[in-house]
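[1] got a predicted model here, sequence first, then my questions.
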Amino acid sequence: MNSECIFCRIISRDIPADLIFETDSIIAFRDINPKAPQHILIVPKKHIDRIENLDENDHCLMGELVYGAKLVAEKLRLDDGYRLIVNNGADAGQEVEHIHLHLLGGRKMTWPPG
């Protein structure tokens, strides 16, 4: 945990969040600045700031993030589709230095994004 990371503080319950889903290693909660009717952040409880700082033991955790997104989408009944996004670094729009997935759904998505 990183005491300065907002996601770590949500994980430790120091900051409230609208929790949607949780396991021993991931947590999912609503984004406070949603870009779609359903905008959920799926976050590993282990603090990893960026993709390039994953270690060889983190591949299962990343798979759990994607599987967790599937379960969240089922819970929210996003049967017509949803988008998963990973922003990595400032140029990609990563605002919080803690790896996370954005799950966006509840509306028709356009392409190309951003």
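    Looks like it arrived, so ask away.

[2] below-threshold pLDDT in this structure: ranges please.
    114 (pLDDT under 70).

[3] so after the longest helix along it, what's the next helix or strand?
    Ranked by number of residues, the top helix in the chain under DSSP state H is helix 59-75. Counting by DSSP states H and E, the next helix or strand C-terminal to helix 59-75 is strand 82-85.

[4] which parts of that next one count as buried, going by neighbours?
    Tyr82 (16 or more other Cβ atoms under 10 Å). Where you see a C-beta, it was placed from the backbone N, CA and C, and this is true even at glycine.

[5] list the contacts of that strand.
    With contact meaning Cβ atoms under 8 Å, 6 or more residues apart in numbering, strand 82-85 is reached by Ala36, Gln38, Val66, Ala69, Ala73, Leu101, His102, Leu103, Leu104, Gly105, Met109, Pro113.
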